[in-house]
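**Q** predicted structure and sequence below. I'll ask about it afterward.
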Amino acid sequence: MSAEANSLLERLRARVASVRSRLVLVAAAGGVSWLVIGAVLVLGAAMAGDWLFELPREARGLLLLAYLIWGGRVLWTRALRPLLRQPGEDEVALLVERGMPDFRGRLIASLQLSRASAVQPGESAVWVDELVRQTEAMAAPRRMGDVVAVDRLASAAAFALILLAMGATLVWHFREASVPLLQRVLLMDVPVPRQTQVTIEQPELVIVRGEDAEIVARVTGRQPASGRLIIRYEQASDDVRRQLSKSEGDLNASVAEYRHVEANVHQSFQYTVRINDGRARGRVSVVPRPTVEAIACRVVYPAYTGEAPESRDLRNAQVGGVLAGSRLVLDINATKPIAEARLQLHLADGNMTSLRATSISGRQLVAEFNATLAEPLVSAFSIQLRDTDGKFSRDETRYALQVHADAPPVVVILAPADDDEVTRHARPNLVFTAEDLYGITGLTLHYRVENLVGEPGQTTGQIKLDPRKSQYEWDFETQMADLKRAILSVASVSPVDNARTIVTYWLEATDNNVVTGPGVGRSNERHFEIVSVEEKLAALRRDAEKAIEGVDKSRLTQDELRRLLELYLRQKAEQKPPGGVNKNN
């Protein structure tokens, strides 16, 4: 192409570019205008709907999200996309030719044929130069931008300006009401502007089934004599209407209270309070009281007893007897999640003490306490619960128990007979039983020797015995040599010249109670008298004579008579000099 043709071509392209700029500007301005129109209408509708229905925050949030999605779509399709995706040179040329048909394809042909790849080598470009000159001559007197219609933009822009001006005027004129409504559309926590402002004292009230629900509304602004309460129960299809009465003490107050008591409520319900043009919503939730659904009791005995933990059945509300020092562990299942639990210990004097549960997890909790002999004793316990709604249990079951001490050992001397008479060479057997539920750690034989004739005197002593057995038969020859010498050998404990000596003896056993003890058990006291051989022989002789004389009367057998004679002969044998063989008495 010639230099002149190139100059003319650049003018054509500049004119096409101006048409494209006008086209993009009109499209973007139209999109902004429609966005303003939609925003004003949507905000106005949202504010009006919120004023009429007092939408909750969640509903306003969903609507605001929908507004933003719609506004973003309009902004993208009508404003941003035309700017980012502008039409090409050929598209604009076609648009101009459709608006100015007398070009008859010259404009787009001039642009396309003037490109470097349009004319092949060997072809003449003179006719292309001529085409460009003709096209430029036709375009010079024309306003090519007129092909872009602006009437719709003008209408949209004018409508947007009018709406924007009207909206701003209304917002400013009614700013006391419109500004809070606009804030609510933007999810700010402000009340709906009304002549009467209503606030519920407890909008989410939780009560126990069967209790009364008191609804209290605080009102500012215009305060009529009464208001309306509209109740919708969960299991009812029709609304229940009540009247809210204004408290008499608030007739001249800036804040008045309107109250209503719904008695004996058994169902949850939602309600709306309407006073003048003000309204507020609330809900009353009915819940059961927390109760003990199941309870398991384990008695953990003191370690010294060696007893395994024992489970107790509490279905009859009786724990039974509990050994002092034991630990009671209560595994409790409640009917609902528990926030706090206390173990109430009821004392024998009528007072009560309280312990916190040691573990709480949802509906399950663990409580424990020690059974002691402190005065006054624990006679029963109950479990008080507080659920996550803040409601307490009521009329809790009392579980009775009796705390008893570990009984001391029981020691009984079985032989020899009490108040027996023996000589200094006698060999009596000492037989006794010593028993305890949880074992004996110590066993001691105590004795006291008193002289009855001659110079008075008294000797006491004790001997430690083996506590590993609960019953012993004391045989002098194999087990009791030391004890025999200590007690029955008069020569070792008192002068042998005193003919009459009384020996008093008893047994004491100690258990292994390390909690409330140790417990000490003492046997009954036994006595025997040490007499001379002559006195013992004389006594035996008298017994034998009486037995012989009364054979017919008492029908003594030959065996009984033989036994008496053997006793007499054995006593005679004890008079032999030392070194002789002694027999048991």
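**A** Arrived safely, thanks for sending. This structure is a prediction, so every number in the text was calculated from the model and none was measured.

**Q** same for the longest helix anywhere in the chain, what does it pack against?
**A** Longest helix in the chain, counting residues (DSSP state H): helix 3-53. With contacts taken as 3 or more C-beta pairs under 8 Å, 6 or more residues apart in numbering; DSSP states H and E, helix 3-53 sits against helix 57-75, helix 81-84, helix 89-99, helix 106-113, helix 126-139, helix 151-173, helix 175-185. Bear in mind the C-beta positions are built from the backbone N, C-alpha and C, glycine included.

**Q** only C-alpha atoms, please: export the shortest one in CSV.
**A** This means helix 81-84. The C-alpha trace of helix 81-84 is given here as CSV (Å, rounded to 0.1, in the frame of the first residue of the first chain):
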residue,chain,number,x,y,z
ARG,A,81,-17.7,-8.3,31.1
PRO,A,82,-18.2,-5.6,28.4
LEU,A,83,-15.0,-4.0,29.7
LEU,A,84,-13.0,-7.1,29.9
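
**Q** who are the packing partners of it?
**A** If contacts are counted by 3+ C-beta pairs under 8 Å, 6+ apart, helix 81-84 sits against helix 3-53.

**Q** and the helix it packs on, average pLDDT?
**A** Averaging pLDDT along helix 3-53 gives 85.

**Q** and the angle from that helix to helix 151-173?
**A** Orientation check (axes from the mean of the first three to the mean of the last three C-alpha atoms, to 10 degrees): helix 3-53 against helix 151-173 gives 40 degrees.

**Q** quick one, helix 3-53 and helix 175-185 angle?
**A** Using the same axes, to 10 degrees: helix 3-53 against helix 175-185 is 100 degrees.

**Q** end to end on stretch 343-351, go ahead and measure it.
**A** 14 Å (C-alpha to C-alpha, to the nearest Å).

**Q** what separates that stretch from the chain centre, distance-wise?
**A** Its chain's C-alpha centre and that of stretch 343-351 lie 25 Å apart, by C-alpha atoms, centre = their mean, to the nearest Å.

**Q** for stretch 510-524, the averaged confidence score.
**A** 89.

**Q** over to stretch 154-166?
**A** On average, stretch 154-166 scores 90.

**Q** which residues in it does the neighbour count mark as buried?
**A** Of all the residues in stretch 154-166, those buried under the rule 16 or more other C-beta atoms under 10 Å are Ala156, Ala157, Ala160, Leu163.

**Q** how about the contacts made by the closest residue in space to the second one that isn't next to it in sequence?
**A** Ranked by C-beta to C-beta, 6 or more residues apart in numbering and with sequence neighbours excluded, the top spatial neighbour of Ala157 is Ser33, at 4.6 Å. With contact set as C-beta atoms under 8 Å, 6 or more residues apart in numbering, Ser33 has these partners: Leu153, Ala156, Ala157, Phe159, Ala160.

**Q** okay if I get those as CSV plus distance to Gly145?
**A** Converted to CSV, the contacts of Ser33 look like this (distance: C-beta to C-beta, whole Å):
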residue, distance to Gly145
Leu153, 13
Ala156, 19
Ala157, 18
Phe159, 24
Ala160, 23
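
**Q** and which of those residues is nearest to Val514?
**A** Nearest to Val514 among the contacts of Ser33 is Ala160, at 94.6 Å by C-beta to C-beta.

**Q** so that closest one makes contact with Ile37?
**A** Yes - contact criterion C-beta atoms under 8 Å: Ala160 and Ile37 qualify, at 4.9 Å.

**Q** next secondary structure after the helix or strand of the chain with the lowest mean pLDDT?
**A** Scoring the helices and strands of the chain by mean pLDDT, DSSP states H and E places helix 490-493 at the bottom, with a mean of 38. As assigned by DSSP states H and E, the chain's next helix or strand after helix 490-493 is strand 501-511.

**Q** parallel or antiparallel, which strands does that following strand pair with?
**A** Neighbouring strands of strand 501-511 in its sheet, by DSSP bridges, are strand 440-451 (antiparallel), strand 520-522 (antiparallel), strand 526-531 (antiparallel).

**Q** can I get these in JSON lines including distance to His173 and mean neighbour count?
**A** JSON lines is the format used below for the strands paired with strand 501-511 (distance: least, C-beta to C-beta, whole Å; neighbours: other C-beta atoms under 10 Å):
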{"stretch": "strand 440-451", "distance to His173": "100", "mean neighbour count": "19"}
{"stretch": "strand 520-522", "distance to His173": "100", "mean neighbour count": "17"}
{"stretch": "strand 526-531", "distance to His173": "117", "mean neighbour count": "19"}
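
**Q** want to throw those into CSV with distance to Leu63?
**A** CSV is the format used below for the strands paired with strand 501-511 (distance: least, C-beta to C-beta, whole Å):
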stretch, distance to Leu63
strand 440-451, 84
strand 520-522, 86
strand 526-531, 102
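
**Q** buried ones in stretch 202-212?
**A** Leu205, Val206, Ile207, Val208.

**Q** oh, that last question was meant for stretch 50-59, not what I typed.
**A** Neighbour-count burial for stretch 50-59, counted by 16+ other C-beta under 10 Å, picks out Asp50, Trp51, Glu54, Leu55.

**Q** farthest-apart pair in those, please.
**A** Trp51 and Leu55 (9.5 Å).

**Q** now do the residue nearest to Ala157 against Arg73, distance only.
**A** 16 Å (C-beta to C-beta, to the nearest Å).

**Q** likewise for Asp349?
**A** Asp349 is 80 Å from Arg73, by C-beta to C-beta.

**Q** next one: Tyr271
**A** Here Tyr271 is placed at a distance of 40 Å from Arg73 (C-beta to C-beta).

**Q** where along the stretch 251-400 of the chain do the strands fall?
**A** 256-262, 269-275, 278-287, 292-300, 310-312, 318-323, 327-334, 338-347, 352-356, 359-361, 364-370, 378-387, 399-404 (DSSP state E, counting those that start in this stretch).

**Q** Ile230 is nearest to which of the ones you listed?
**A** Counting by C-beta to C-beta, Ile230 lies closest to strand 269-275 out of the strands of the stretch 251-400 of the chain; the figure is 4.6 Å.

**Q** parallel or antiparallel, list what pairs with that closest one.
**A** For strand 269-275, the paired strands and their directions (DSSP bridges) read strand 226-233 (antiparallel), strand 278-287 (antiparallel).

**Q** out of these, which is closest to Leu80?
**A** Leu80 lies closest, by C-beta to C-beta, to one member of the strands paired with strand 269-275: strand 278-287, at 41.4 Å.

**Q** what angle separates the closest one from strand 256-262?
**A** 30 degrees.

**Q** what are the contacting residues of strand 278-287?
**A** 54, 56, 194-200, 202-209, 213, 215, 217, 219, 221, 262, 265-273, 336, 387, 389, 391.

**Q** show the buried residues in those residues.
**A** Members of these classed as buried by 16+ other C-beta under 10 Å are 54, 194, 196-198, 200, 205-208, 213, 215, 217, 219, 221, 262, 265, 268-269, 271-273, 336, 387, 389, 391.

**Q** please tell me the pLDDT value assigned to Ala357.
**A** pLDDT at Ala357 comes out at 91.

**Q** wait, what's in contact with the nearest residue to it once chain neighbours are set aside?
**A** The shortest distance from Ala357 to any non-neighbouring residue, by C-beta to C-beta, 6+ apart, is to Ala341 (3.9 Å). With contact taken as C-beta under 8 Å, 6+ apart, Ala341 is in contact with Ile332, Ala334, Arg356, Ala357, Ile360, Leu365, Ala367, Ile383, Gln384, Leu385, Arg386.

**Q** the second one contacts Ala294, correct?
**A** No - with contact defined as C-beta under 8 Å, Ala334 and Ala294 do not form a contacting pair (9.0 Å).

**Q** the two: which has the busier surroundings?
**A** Ala334 (22 against 12; other C-beta atoms under 10 Å).
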